[in-house]
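Undergrad: turn this into a model:
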Amino acid sequence: MRTVAVLAFDGVSPFHLSVPSLVFGRVGVEGPAPYQVDVCAERPGTVRTPAGFDIHVRHGLETLTRADTVVIPSWRLGAPLSADVRDALRTAHAGGARIVGLCLGSWAVAASGLADGREITTHWASAAELARAFPAVRVRADTLWSDLGDVVTSAGVAAALDCCLHLVRGDLGSKAATELARSLVTAPHRSGSQAQYIPVAVPDAADDDPIERAMVWARTHLGDPVDLDGWARVALMSRRTFTRRFRDRTGTSPQQWLLLQRTDRARLLLESTTDTVERIAVDTGFGTAVSLRHHFHRILGTSPAAHRTSFQGQN
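TA: The predicted structure is shown next:
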């Protein structure tokens, strides 16, 4: 069983505190839970929240040093990190724990020194202040989350859910993450490179959104050749208008979005079937195993065969 420690603190938002428990604690809801989630605080006892109620926390910082994953679900902007919390985070990291900062939790990650010389993501509204406070850290406000392996950070609110689902996907595979997302009624996967803020109004109804209609169509035709002109016709637009509207709607180009969908489908097939890489390449629209291997490694940092072996070794 993987252990997850979630750090609470005075003034923590109950919503932010609930996200890691909601995701990691809900996996395996119909079977054995693969995660044990413990909430801890610098001083066990009553933790105040801005929501009109307090939370009683039983565990102290020693919980961090025993965890496989440590989650800082948020932080008070500009608040110092105590020496005890910093030391506990660094000890956990040195022991092999994955350190995760969700939303303003990236502030605590930066204050710990674990991200010096590295890149982290945070909520776009706080990125400039974080960058000024910690010049040794490269701060990104244009992505949903970033995963350095040992340090993972995300933007705010919904992106925290995306980030936690990404971690489940890496730990347990695409099928488990997709089933979990379905139970949470949220998107099964949003790439970390997706833009945080899309400055375009979303139509009130899905029927009024030709881009959404085109995205649904593409997901059902991943194994077929999808040329941009034909795809634009599904949305009843010219190629140029479709490309512009798609980028406005999603923050990425149609071709890049489609590539990510195909890669994610390939990952799911590698985990859930015994099909050959060649067969999967055809079924996901890559055409050849060479093309699949190239894009799979570029996007996920590993080969299809290595991913399948790793997944089978975990399950």
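
Undergrad: give me the residue at the spatial middle of the chain.
TA: Closest to where the C-alpha atoms of the chain average out (CA atoms, centre = their mean) is residue 163, at 2.1 Å.

Undergrad: look up how far residue 157 lies from it.
TA: Per CB to CB, to the nearest Å, residue 163 is found 11 Å from residue 157. C-beta here means a position set from N, CA and C on the backbone, and glycine is covered the same way.

Undergrad: now residue 115
TA: For residue 115, the distance to residue 157 (CB to CB) stands at 21 Å.

Undergrad: settle it for me: which of those two has more neighbours?
TA: More crowded of residue 115 and residue 157, by other CB atoms under 10 Å: residue 115, with 24 against 16.

Undergrad: quick one: the more buried one and residue 151 touch, right?
TA: Yes. At 5.8 Å, residue 115 and residue 151 qualify as touching, with contact defined as CB atoms under 8 Å.

Undergrad: and for residue 148, the neighbour number?
TA: 14.

Undergrad: over to it: give its phi and psi.
TA: Phi and psi for residue 148, reported as degrees, to the nearest 10, are phi -100, psi 10.

Undergrad: who's in contact with it?
TA: Under the criterion of CB atoms under 8 Å, 6 or more residues apart in numbering, the contact list for residue 148 reads 118-119.

Undergrad: same question for residue 228.
TA: Contacts for residue 228 (CB under 8 Å, 6+ apart) come out as 239, 242-243, 254-255.

Undergrad: give me the three-state assignment for the closest residue to residue 157 other than its chain neighbours.
TA: Spatial nearest neighbour of residue 157, excluding adjacent residues (CB to CB, 6 or more residues apart in numbering): residue 103 at 6.8 Å. Assigned with DSSP: H, G, I helix; E, B strand; the rest coil, residue 103 falls in the coil class.

Undergrad: now the strands: where do they sit in the stretch 101-250 of the chain?
TA: All strands of the stretch 101-250 of the chain, identified by DSSP state E, counting those that start in this stretch, fall at 119-121, 138-140, 145-147, 151-154.

Undergrad: can you add distance to residue 222, mean neighbour count and mean pLDDT and give those back as CSV?
TA: Formatted as CSV, the strands of the stretch 101-250 of the chain follow (distance: least, CB to CB, whole Å; neighbours: other CB atoms under 10 Å; pLDDT from 0 to 100):
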stretch, distance to residue 222, mean neighbour count, mean pLDDT
strand 119-121, 28, 23, 92
strand 138-140, 29, 19, 90
strand 145-147, 24, 23, 87
strand 151-154, 27, 28, 94
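
Undergrad: turn these into TSV, columns for distance to residue 177.
TA: Listed next are the strands of the stretch 101-250 of the chain as TSV, based on distance: least, CB to CB, whole Å:
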stretch	distance to residue 177
strand 119-121	19
strand 138-140	23
strand 145-147	14
strand 151-154	15
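
Undergrad: mind checking which of those is nearest residue 131?
TA: Closest to residue 131 of the strands of the stretch 101-250 of the chain, according to CB to CB: strand 138-140, at 4.2 Å.

Undergrad: direction included, what does the closest one pair against?
TA: Under the criterion DSSP bridges, strand 138-140 sits next to strand 119-121 (parallel) in its sheet.

Undergrad: residues contacting the closest residue to residue 245 other than its chain neighbours?
TA: Using CB to CB, 6+ apart and skipping residues adjacent in sequence, the residue nearest residue 245 is residue 211, 5.7 Å away. By CB under 8 Å, 6+ apart, the contact set of residue 211 is 235, 242, 245-246, 249-250.

Undergrad: repeat the analysis, applying 7 Å as the threshold.
TA: Counting by CB atoms under 7 Å, 6 or more residues apart in numbering, residue 211 makes contact with 235, 245-246, 249.

Undergrad: and the helix or strand hosting residue 92, what does it pack onto?
TA: Using DSSP states H and E, residue 92 falls within helix 83-94. Packing partners of helix 83-94 (3 or more CB pairs under 7 Å, 6 or more residues apart in numbering; DSSP states H and E): helix 62-65, strand 98-101, helix 105-112.
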